[in-house]
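In: Structure for this input, please:
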Amino acid sequence: MNDESVSRFWDNYIYKTKTYNVKPKVARWYVRHAEGYIKAYPSLRLSQHSAEKIENYLKEKGRNPHLQDWQFRQIVEALKILFTDMVKAPWAEDFPWGNWETAAESLPNSHATLARDYKPIDALQTDIQHLHLDDKESVLYKRVFKKYPDHIRAFITQIRVRQYSIRTERAYLGWLLRYISFYSMEDPANLSEEHIARYLEHLVVNRKVAGSTQGQALNGLIFFYKQVLQREMNERIEFPHSKKPRRLPVVLTRDEIKQLFAHLKNPTQRLMANLLYGCGMRLMECVRLRVLDVDFGYQQIVIREAKGKKDRVVPIPQKLIEDLEQQIETVKERHAEDLEQGFGKVYIPGALARKYPNTEKEFRWQYVFPSSTIATDPRSGVLRRHHVHENGLQKHIKKAAEQAGITKKVNCHALRHSFATHLLESGYDIRTVQELLGHADVSTTMIYTHVLNKPGISVISPFDMLEP
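Out: So this is what the prediction gives:
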């Protein structure tokens, strides 16, 4: 092309970016991304490019540790515009652009996966970043820590000794900080059950918190008094309780499940959603799934360290075996390429990493649903390929439900609810469903029997009895 036609080409390209809601200032960067790709294959005409070329290019870009996730997503969209809208390559419409974009979202430092290995308690005095508090909580933390450093250190130590999740730690710590602040920074050792009761009453009357929130505050404060101050507490403290609404889970019919899946165009997102419904998985259990946990011989998946630190086994749906095998084969190929490029490490829980230092490069420990990009682990600075961010699947399912015209409040957990309900409808006993869901108490599973009972459904309405 001559200079005039090249200029016209890029003018048209910039015009196309508007249809993707790209701001004019950002459009120039899209041009640079597209030009960067073209320069990578100088002897190849655009019409001769293939999906394989795009895939190889994105893999290479994904291994650049200096590339931010938003920059990678820009590159993906820039190439999508180039080949879908400009070149109109026959393969471009079917290329999994969305999968590359969605899988590129980095896990923040506060993500539960990355924050599982804690820093030593001694570091807390100078480094509170690892607590991942927001700005308001950080200010409060500094005030309380300055006055009661021993209380805070001991509190976090007791939480970590019991290996509570990072989310529980943040929640409990937050309630302790707000409790101390509520009583004008008075030493909590001088306060009693009556003070706790008044604070919980304040949460209900003035803050209008939900019953579960009030219960969490109580648990956090009781934990502090019993485990840190070694004080026997009456856990049946008298205080006004926030009325907890009795809510039934959102359950989709089998037809609605089919409609939902039909609108999930991204193959990886569809496979993940299929597993949530087909195995009754929680969302985080799915994104954290590793290759070694998938047993095709026994056609089962081992879900490790689920809620309550328990393992459980669920069957692999027959219809998903081929797709799951293909997904793992794709992971295997990418992992081999990562190793060739000097990467290939994955997060391993602290104790295992110390005992088996070479496991982080083994294929069997790789995530079944890995990120598109290599990222720096905030704890160690090591370059690793983490699992995909769960937000991607949440957004896809919500969008698919809207496109399918489903008016129920659909989210990832609704697929787990539907799994349990449909099993009970098919005649499976409550204990079997309890085991598959990983519920510690059968009473938790019993909520699905309320969905099945459907009181009043068999009653004929008097309106239908009226004579025509």
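In: rest of the way, CA atoms for contacts and neighbours
Out: Noted.
In: my read: Y30 touches I75, true?
Out: Yes: assessed by CA atoms under 8 Å, Y30 is found in contact with I75 at 7.0 Å.
In: Where does pLDDT dip in the stretch 351-468 of the chain?
Out: Scanning the stretch 351-468 of the chain for pLDDT under 70 picks out 378-380, 451-463, 468.
In: Could I get the full set of strands for it?
Out: 375-376, 383-384 (DSSP state E, counting those that start in this stretch).
In: Out of those, which is the most enclosed?
Out: strand 383-384 (a mean of 21; mean count of other CA atoms under 10 Å).
In: So what are the sheet partners of that strand and their directions?
Out: strand 375-376 (antiparallel) (DSSP bridges).
In: what residues are up against N234?
Out: Contact analysis of N234 by CA atoms under 8 Å, 6 or more residues apart in numbering lists E193.
In: wait, I meant L383
Out: Taking CA under 8 Å, 6+ apart, we find L383 in contact with P65, F343, K345, I374, A375, T376, D377.
In: In a markdown table, list the strands of the stretch 351-468 of the chain along with distance to L44.
Out: Below are the strands of the stretch 351-468 of the chain laid out as a markdown table (distance: least, CA to CA, whole Å):
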| stretch | distance to L44 |
| --- | --- |
| strand 375-376 | 31 |
| strand 383-384 | 33 |
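In: nearest to G405, of the ones you listed?
Out: Closest to G405 of the strands of the stretch 351-468 of the chain is strand 375-376 (CA to CA; 37.6 Å).
In: Enumerate the positions of stretch 322-334 that are buried.
Out: Using 16 or more other CA atoms under 10 Å as the test for burial, stretch 322-334 gives L324, Q327, I328, V331, K332, R334.
In: Repeat that for stretch 354-371.
Out: Residues of stretch 354-371 classed as buried by neighbour count (16+ other CA under 10 Å): T359, E360, K361, F363, R364, W365, Q366, Y367, V368, F369, P370, S371.
In: Looking at those residues, which is nearest Q394?
Out: Of the buried residues of stretch 354-371, the one sitting nearest to Q394 (CA to CA) turns out to be F369, at 14.6 Å.
In: doesn't H387 make contact with the closest one?
Out: Yes: the criterion here is CA under 8 Å, and F369 meets it with H387 at 5.7 Å.
In: any common contacting residues for those two?
Out: In contact with both F369 and H387: V287, R288, using CA under 8 Å, 6+ apart.
In: shaky segments in this structure?
Out: Residues of the chain that meet the cut-off, pLDDT under 70, sit at 1-2, 110, 115-135, 235, 242-246, 308, 350, 378-380, 451-463, 468.
In: So for it, which residue is the most central one in space?
Out: Computing the C-alpha centroid of the chain and ranking residues by CA atoms, centre = their mean puts E390 first, at 2.8 Å.
In: surely it meets R288?
Out: No: E390 lies out of contact with R288 (CA under 8 Å); the separation is 9.5 Å.
In: Kindly check the end-to-end length of stretch 236-250 for me.
Out: Using CA to CA, to the nearest Å, the end-to-end distance of stretch 236-250 comes out at 32 Å.
In: before we move on, the earlier item: quick check: of the buried residues of stretch 322-334, which lies closest to G427?
Out: G427 lies nearest to L324 out of the buried residues of stretch 322-334, by CA to CA, at 27.6 Å.
In: ok but that closest one is inside a helix, no?
Out: Yes: assessed with DSSP: H, G, I helix; E, B strand; the rest coil, L324 lies in a helix.
In: how deep is the spatially closest residue to T253 that is not a sequence neighbour tucked in, by neighbour count?
Out: For T253, ignoring the flanking residues on the chain, the nearest one in space by CA to CA, 6 or more residues apart in numbering is S418 at 7.5 Å. Using other CA atoms under 10 Å, S418 has 23 neighbouring residues.
In: same thing with H422?
Out: Using other CA under 10 Å, H422 is surrounded by 18 other residues.
In: can you check the one 5 residues further on too?
Out: G427 is flanked by 8 other residues according to other CA under 10 Å.
In: how much space between it and G438?
Out: G427 is 19 Å from G438, by CA to CA.
In: before we move on, what about Y41?
Out: As defined by CA to CA, Y41 lies at a distance of 52 Å from G438.
In: quick one, which of the two is more surrounded?
Out: Taking other CA under 10 Å, Y41 and G438 do not tie; G438 has more neighbours (22 against 13).
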